[in-house]
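# Build me a model from this:
(one chain, ligands or ions: 1)
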Amino acid sequence: MLLKDKIAIVTGGSSGLGRAIAEGFVAQGARVIVAARTPAGRDGGTPVVEAINAKTPGMAKFVACDVSRISDLEAVVAEAEGWGGLDIMVNNAGILEKEPILEATEETFQRMIDVNVKSVFFGSQIAARAMVKRKSGVIINLCSIAGMRGTGGFSHYNMTKGAVRLLTYSLADELGPMGIRVNNVNPGIMRTKMNTEDDPVIGTETGEEYLDMIPARRWGEPEDVADTCVFLASDMAKYVMGTSLVVDGGYLRI
Ligand SMILES: NC(=O)c1ccc[n+]([C@@H]2O[C@H](COP(=O)([O-])OP(=O)(O)OC[C@H]3O[C@@H](n4cnc5c(N)ncnc54)[C@H](O)[C@@H]3O)[C@@H](O)[C@H]2O)c1
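Residues are numbered from 1 along each chain as shown. You can find the predicted model right below:
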């Protein structure tokens with residue numbers, strides 16, 4: 001039980017990686033607030049909070065949250081404080097949209113910034129204001145290998161993930177002396193709706209060619225990211241600060 005009695009928030013926790021992180025945290029003894037727009041996620045099936053509480057009653061709570069709204073983020077952190085005090089903040093919610101630069105619009109640009117960057121900036125700030133009272137806490141930001149290498153057609157996604165990577169380093173420097181550890185997780189291509197619907201790679205011919213470039217010779221599973229987050233959230237990682245952990249089956253190798 002690496003996270004026994006800890007209280008965590010996972011934004012965008014009703015689908016994909018966030019869902020696996022929420023389940024992984026509960027399996028290690030944490031109570032989790034799933035902060036998402038709807039209890040039901042993109043993957044279908046039993047909503048994650050219902051599924052967790054059916055197995056382990058009282059370990060998960062749903063709080064409605066649009067991460068691009070600061071007031072929603074404040075309400076989620078207040079809920080965690082009321083539940084016993086926020087220990088772990090996972091800024092996971094994010095969107096991916098493909099748009100060639102010559103066709104890019106101000107609307108897409110703004111949406112990408114609001115959901116992928118503003119949410120992490122203020123999510124971290126609001127979480128840290130709570131954690132600093134106890135001089136202890138962990139913030140994990142879901143970045144991406146797309147924040148480390150640019151790809152045509154994904155300029156705004158690359159830009160937002162790169163911004164979050166640097167933001168994490170600044171926060172680690174500023175909040176570390178206050179007892180708060182801040183790190184990034186950079187997933188590669190994971191089996192979620194992001195890679196089956198938003199930018200369909202998995203299950204396509206291009207995808208098969210892609211697999212040959214991944215030394216692990218398989219797609220990432222949400223549990224691969226969840227395990228990494230459990231490690232980073234736990235005391236096993238007590239001296240891991242301001243770093244970018246890449247979880248990509250060896251694809252990037254930098
Ligand atoms: N899947 C991958 O291969 C991959 C790779 C690298 C990084 N990531 C990052 O990991 C995170 C999770 O991605 P995923 O693959 O699980 O995607 P996903 O689409 O399965 O899940 C993302 C979740 O975020 C939620 N969300 C979107 N906008 C929101 C908003 N305004 N407020 C609240 N919730 C919102 C969605 O509803 C969804 O539940 C994202 O930040 C993504 O950029 C994913």
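# which residues of the stretch 51-200 of the chain fall in strands?
For the stretch 51-200 of the chain, applying DSSP state E, counting those that start in this stretch gives strands covering 60-64, 88-91, 137-142, 180-187.
# want to throw these into JSON lines with mean pLDDT?
JSON lines is the format used below for the strands of the stretch 51-200 of the chain (pLDDT from 0 to 100):
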{"stretch": "strand 60-64", "mean pLDDT": "98"}
{"stretch": "strand 88-91", "mean pLDDT": "99"}
{"stretch": "strand 137-142", "mean pLDDT": "98"}
{"stretch": "strand 180-187", "mean pLDDT": "98"}
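# Residue 101: neighbour count?
10 (other C-beta atoms under 10 Å). Glycine gets a C-beta too; all of them are placed from N, C-alpha and C.
# Next up, the contacts around it.
152, 155 (C-beta atoms under 8 Å, 6 or more residues apart in numbering).
# do that again at 7 Å, thanks
Applying C-beta atoms under 7 Å, 6 or more residues apart in numbering to residue 101 gives the contacts residue 155.
# wait, isn't residue 169 in contact with residue 242?
Yes: taking C-beta atoms under 7 Å as the definition, residue 169 is a contact partner of residue 242 at 5.3 Å.
# just to revisit the earlier point, next, format the strands of the stretch 51-200 of the chain as CSV and append mean neighbour count and distance to residue 116.
Below are the strands of the stretch 51-200 of the chain laid out as CSV (neighbours: other C-beta atoms under 10 Å; distance: least, C-beta to C-beta, whole Å):
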stretch, mean neighbour count, distance to residue 116
strand 60-64, 20, 20
strand 88-91, 30, 10
strand 137-142, 26, 9
strand 180-187, 25, 13
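# Those residues of the stretch 51-200 of the chain touching the ligand, which are they?
With C-beta under 6 Å from any ligand atom as the criterion, the stretch 51-200 of the chain comes near the ligand at residues 65-68, 92-96, 115, 142, 144, 187, 189-190, 192-195.
# Sort out which of the residues you listed are buried, if you could.
65-68, 92-96, 115, 142, 144, 187, 189-190, 192, 194-195 (16 or more other C-beta atoms under 10 Å).
# Near residue 236, how many other residues are there?
Neighbours of residue 236 using other C-beta under 10 Å come to 11.
# For it, give its distance to residue 5.
16 Å (C-beta to C-beta, to the nearest Å).
# Next: residue 122.
From residue 122 to residue 5 the distance is 27 Å (C-beta to C-beta).
# cool, residue 251 as well?
36 Å.
# next one: residue 74
Applying C-beta to C-beta, the value for residue 74 to residue 5 is 24 Å.
# Check residue 15 too.
In terms of C-beta to C-beta, residue 15 sits 27 Å off from residue 5.
# Isn't residue 196 up against residue 203?
Yes: counting by C-beta under 7 Å, residue 196 touches residue 203, with 6.3 Å between them.
# more neighbours, the two?
The residue with more neighbours, out of residue 196 and residue 203, is residue 196; 18 against 11, by other C-beta under 10 Å.
# which one of residue 74 and residue 5 has more residues nearby?
The residue with more neighbours, out of residue 74 and residue 5, is residue 74; 17 against 10, by other C-beta under 10 Å.
# In contact with that one, which residues are there?
Counting by C-beta under 7 Å, 6+ apart, residue 74 has contacts residue 126.
# So which residue is smack in the middle of the protein?
residue 92 (2.2 Å; C-alpha atoms, centre = their mean).
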